[in-house]
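# Provided below are the primary sequence and the corresponding predicted coordinates.
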4 protein chains.
Amino acid sequence: MPETPDVHYSFLGPAGTFTEAALAQVPEAQGLPWRAVNNVGEAFADVVSGRSVAAMIAIENSVDGGVSATQDALASVPNLRIIGEYLVPVNFVLVARPGTALEDVKIVNAHPVAYAQCRSWLEGTLPKHGHIPSSSNVAAAAALFEPGPADAAVAPPGIEKHHDLVVLARNIGDNPNAVTRFVLVGRTTVIPAPTGADKTSVIVELPEDRAGALLDMLEQFATRGVNLSLIQSRPIGDAMGRYRFVIDADGHIFDERVADALLGLRRFSPKVLFLGSYPRADKQPNVFTSRYNDEVFIEARDWLRGLISGEPGA
Amino acid sequence: MPETPDVHYSFLGPAGTFTEAALAQVPEAQGLPWRAVNNVGEAFADVVSGRSVAAMIAIENSVDGGVSATQDALASVPNLRIIGEYLVPVNFVLVARPGTALEDVKIVNAHPVAYAQCRSWLEGTLPKHGHIPSSSNVAAAAALFEPGPADAAVAPPGIEKHHDLVVLARNIGDNPNAVTRFVLVGRTTVIPAPTGADKTSVIVELPEDRAGALLDMLEQFATRGVNLSLIQSRPIGDAMGRYRFVIDADGHIFDERVADALLGLRRFSPKVLFLGSYPRADKQPNVFTSRYNDEVFIEARDWLRGLISGEPGA
Amino acid sequence: MPETPDVHYSFLGPAGTFTEAALAQVPEAQGLPWRAVNNVGEAFADVVSGRSVAAMIAIENSVDGGVSATQDALASVPNLRIIGEYLVPVNFVLVARPGTALEDVKIVNAHPVAYAQCRSWLEGTLPKHGHIPSSSNVAAAAALFEPGPADAAVAPPGIEKHHDLVVLARNIGDNPNAVTRFVLVGRTTVIPAPTGADKTSVIVELPEDRAGALLDMLEQFATRGVNLSLIQSRPIGDAMGRYRFVIDADGHIFDERVADALLGLRRFSPKVLFLGSYPRADKQPNVFTSRYNDEVFIEARDWLRGLISGEPGA
Amino acid sequence: MPETPDVHYSFLGPAGTFTEAALAQVPEAQGLPWRAVNNVGEAFADVVSGRSVAAMIAIENSVDGGVSATQDALASVPNLRIIGEYLVPVNFVLVARPGTALEDVKIVNAHPVAYAQCRSWLEGTLPKHGHIPSSSNVAAAAALFEPGPADAAVAPPGIEKHHDLVVLARNIGDNPNAVTRFVLVGRTTVIPAPTGADKTSVIVELPEDRAGALLDMLEQFATRGVNLSLIQSRPIGDAMGRYRFVIDADGHIFDERVADALLGLRRFSPKVLFLGSYPRADKQPNVFTSRYNDEVFIEARDWLRGLISGEPGA
């Protein structure tokens, strides 16, 4: 029986995580084998080695912010490309072993990000509770069946279908609109075609520690009418005060204004990492003023070419 | 014996953490009682309620970046002020119960941030190890004496003085220059006098979701020659794509150029939170070109006043 | 009978010029003696010496541009202030001594600016004509009664009421909407009250010959939402490539945003000459976005003052 | 005898003007016939019609500023290109018919620009003199032999070699360093090769009457490190307050940074007129920071091309 190693999709497991829910949104991944991995490094190693076509990873949460581990891994692992973006509403339940009542709960297992998102509810409802951090939302629930002091866990809705657990409370997240943004990361260098509702992601290291360098970088986008939906600083790591920036720009590298901004960015800093152009999860068409239309760029190029080649009347 | 509740200093405990080491740098705190707390919320509650004079909290790590919980708490808890900044070099040891050899280690307790900073060493030395997250660096070591599968822990140097542990390896952090930046937070509204080597911290919400708003904000600093040492985006939390920015600017609110930048910032956005002006930990004098001297601002104001009051020759 | 020397108004004569028409628009000047002068230097000398209250001078023509002599004199004569602005539509007639027919005209007297504005008509109608420059539009006509080769003159409409001349053609200006802008210049330092439809004029010398200095100067206005209706470079005169800029900004020095822009300008360049704030001739109300309202500036100042004085809750 | 109409060079005559001195600096023009013309319109008509290879015209004086007639003609006559730049030091003598003493002088013939440049000397030496404007510096002197009231003329040095005149005073210009800048204008569209010490001239109409449009235009140059040596506003002429800008930028259209700035300019405004790239008269090499080198632009383009074509590792 032949192996088909490169049709796997990797995701941060175990089954039941929000990451799996994100992967379930990918039509191409349906019917193919999925691989649950333990961390983002493992997910990217699967992609780089060819064990998987692509990996789904969380990159930002609307309440907790950017996922540092993902951003730093994207900055350091070469030959990766973001090929898709997905949104998953995030909510939580409090679960326990059968027979446990809410008023009995003293120690709660929770992944630190989940814990942060439920803190108000937990502090209001269980003012004296203690917290034990878990490595994933599903692991928090699963650990209730292992030795340990915890008597409840913060977990994703539906966890009770996979484990013999009762739900003590639903919708315990502090923000009912919380959402996590995931990206599908592959090693392909063929850029998906523009859809008119695209994002382009880059990581840029400021060229030097001078006043105004960040301003100069942002002007590369602003002077081409390119809006940014994310700008996040991350330490380069070699010294306090040195940063790279993770940037999501509206538009596609095949859009003239985006390509021109990328040119300006590359000239500004030799350390620009292009992470990909891909359809936006929210499918909102990119908006920009008409002076940044493709036609305007093409016309200007034709004009310049005419001048340089000595066409009369140019 | 009378209580003196308001001379306590709070810090993220337990004893032995890097936060305690930061508090040990504060001359005013020596000889007074210290209170170990479990999280930043508790630390700030101590300050707001008057139980403590001030609290020491980590705000940024040179490898791992900004401490989100601290930044978000500063944005939401009113009446706090940063009154000092401290740097603590960060390194780690791998410790175990006596009798454990390095080659025996299979499961490692570690606070997630510490784990991230030692990952290269751990993956190189113990390629098959597993990780159990802990709630603090000291708790990771202490948990070795409780039931559980771990046979080693990532912990701060010196932990062996407090616990019956052996050091299996020293300096296991991936970056030998790693440093964590702490701030001392009080409720005082009297601003410390300028020293010539100061920082000013603010949190600014962009006024609207328009292209160039971030650029406009940064120009408030750049047009007054004020350099930024930190700019970090944090989600406001109400919807994906809405951010506030945590900013550290060189200089003191009593410096004319900084005061003028703050005025510009406040006009730009009604949601500006002033976190304080305080001496820099690195004691590096603020550098700026002479066209932004206090005298230049004062002279211009005198000139304008002369014009408005109708002085001849103005 | 007592002299009242300081109630004179000076204007570039002789009677019948457009400058006199501009002065006729000034209510305060009606019924007082007017003094016709020969050039802008004489006009300003009248004002500085106190021989006149104010002088009316042309500063810009919609077809021919800025009047260099006026701009340079404003830059070099101290203690002057623009106190009003006036617009005069500019048109021309071709006049001759009685008995001259249009087809007889060979040589035309004309002030150089007037000649430039009628050139198309003259070249179309009298293709072989010659031109003799005159020192004013009225002098061009008057010279027809002195010895000389000219048989026609370009002159202002109405000239035939003062001289025994016939009009050969009317409306010979190439641009039917041509208009000249005049300013009334006094030595008063009391600034006229804001009307909501004001201009502020300054002359600014760029501080050094570096790339981007002009950009920095313009940002002083742009970052306060102050629109410019005129920006004109004039040589400083000491070397090729060194310029000062004559600027008309929308708004009044008593408007917070204008005052703040002036402060920024003065800090940017020690060579800023304030020429005055005065009502616009076109009476169009100044338009600006609400984020630059006076209230926004005042609120920000109160906020900063609260911070500095240690008010709780600021 | 065959005609060679297109090897003429036109200049603003008559012989003896500074314009002729500028043309004398052009090696290619030596030994060929020169044509003295009466005004800039005639000069450009010679070029457009092919009667002359090129025309020498004054474009700026270090004391008096831009020559409006030249700038406006360049903006309106199509198919012209500046192909060279020349500097001529400008000084003046006061001349009279033999037998006239300085103290006898009452009326002075002078071209208005020359008169402006000698005003201080004239007012100091001949406080009661009158002024009659002339159409050129040479015509001012020549007119002393025609009927008229003048008894002296302001003229270029050397005029006494062409006319029977005596020099009453030398170096009467107020600024001993005064210089006039001339351009040689042809109809060729083949751009002279870059020399490393080049200028590029354009005329740009602002796209709309909005705050900040001028700032946006200047940023097209600043963001590519292109310095400007001239920026001069000229009225478009259709309404007060509408301007075009005459701009001299350092560098050559074949320099990547200049070409990219021109592209940005064209996208910014559809009304950009390229007047030419040509060697600077002062032969000062263009200076710019290395981040705007041609290589940086080429490398960025290669990088972008690699990304778009899907090269691995790009």
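Happy to help now that I have it.
# residue A:304 - that's part of a helix, no?
Yes. Under DSSP: H, G, I helix; E, B strand; the rest coil, residue A:304 falls within a helix.
# what are the contacting residues of the one helix or strand in chain A whose mean pLDDT sits lowest?
For chain A, scoring each helix and strand by mean pLDDT, DSSP states H and E identifies strand A:130-133 as the least confident one, at a mean of 80. Applying C-beta atoms under 8 Å, 6 or more residues apart in numbering or on different chains, the external contacts of strand A:130-133 come out as A:106-112, A:115, A:148-150, B:112, B:133-135. All C-beta spots, glycine's among them, are computed from the backbone N, C-alpha and C.
# and the residue most central in space within chain A, what pLDDT?
The central residue of chain A, meaning the one whose C-alpha is nearest the mean C-alpha position (C-alpha atoms, centre = their mean), is residue A:59 at 2.2 Å. Looking at residue A:59, its pLDDT reads 94.
# residue A:290 now?
Per-residue confidence at residue A:290 stands at 87 (pLDDT).
# quick one, grab the pLDDT at residue A:2.
In this prediction, residue A:2 has a pLDDT value of 42.
# now residue A:309
You'll see residue A:309 listed with a pLDDT of 87.
# just the one 4 residues further on next, same as before
Per-residue confidence (pLDDT) for residue A:313: 51.
# circling back to that earlier point, and the gap between the residue nearest to the centre of chain A and chain B?
Counting by C-beta to the nearest C-beta, to the nearest Å, the separation of residue A:59 from chain B is 11 Å.
# checking that residue next. Helix, strand or coil?
Reducing the assignment at residue A:59 to three states with three-state DSSP gives strand.
# and it, how far from residue A:44?
13 Å (C-beta to C-beta, to the nearest Å).
# quick one, what contacts the closest residue to chain C within chain A?
Chain C sits closest to residue A:212 of chain A, with a gap of 10.9 Å, by C-beta to the nearest C-beta. Contacts for residue A:212 were tallied using C-beta under 8 Å, 6+ apart; they are residue B:222.
# just give me the neighbour total for residue A:305.
12 (other C-beta atoms under 10 Å in any protein chain shown).
# typo on my end, residue A:248
23.
# residue A:95 too?
Neighbours of residue A:95 under the rule other C-beta under 10 Å: 24.
# tell me the phi and psi of residue A:268?
With angles defined as degrees, to the nearest 10, residue A:268 shows backbone torsions of phi -70, psi -40.
# in three-state terms, label residue A:245 for me.
Classified using three-state DSSP, residue A:245 is strand.
# so it makes contact with residue A:220?
No. Here residue A:245 lies out of contact with residue A:220, judged by C-beta atoms under 8 Å, at a distance of 11.6 Å.
# follow-up on the earlier one: now the least confident helix or strand of chain A: buried residues?
A:131-133 (16 or more other C-beta atoms under 10 Å in any protein chain shown).
# could I get the CA-only coordinates of that strand as PDB?
Below are the C-alpha coordinates for strand A:130-133, written out as PDB (Å, rounded to 0.1, in the frame of the first residue of the first chain):
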ATOM      1  CA  GLY A 130      -6.800  28.200  42.400                       C
ATOM      2  CA  HIS A 131      -5.500  27.700  38.900                       C
ATOM      3  CA  ILE A 132      -3.300  25.000  37.400                       C
ATOM      4  CA  PRO A 133      -2.000  25.800  33.900                       C
END
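# domain ranges for chain A, per the record?
For chain A, the structural domains run A:1-89+A:178-190, A:93-169, A:191-314, going by automatic domain parsing.
# and the helices in chain A?
The residue ranges that make up the helices of chain A, judged by DSSP state H, are A:18-23, A:40-49, A:68-76, A:112-125, A:137-142, A:213-222, A:256-268, A:294-309.
# quick one, which of those helices is nearest to residue D:95?
Put simply, out of the helices of chain A the one that sits nearest residue D:95 is helix A:294-309, at 46.5 Å, with distance taken as C-beta to C-beta.
# give me the residues contacting the closest one.
With C-beta under 8 Å, 6+ apart as the criterion, helix A:294-309 contacts A:255-257, A:260, A:290, A:314, D:191, D:253-254, D:259, D:262-264, D:266-267, D:274.
# got a quick ChimeraX command for the buried subset of those?
For anyone working in ChimeraX, the buried entries among the contacts of helix A:294-309, judged by 16+ other C-beta under 10 Å, can be selected with:
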select /A:255,256,257,260 /D:191,253,254,259,262,263,264,266,267,274
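# among the contacts of helix A:294-309, find the lowest-pLDDT one for me.
Here the lowest pLDDT out of these sits on residue A:314, with 47.
# tell me the residues of the stretch 151-300 of chain A that contact chain B?
Among all residues of the stretch 151-300 of chain A, those adjacent to chain B (criterion: C-beta under 8 Å from any C-beta of the partner chain) are A:175, A:177, A:179, A:181, A:211-212, A:214-215, A:218-219, A:222, A:225-235, A:237-241, A:243.
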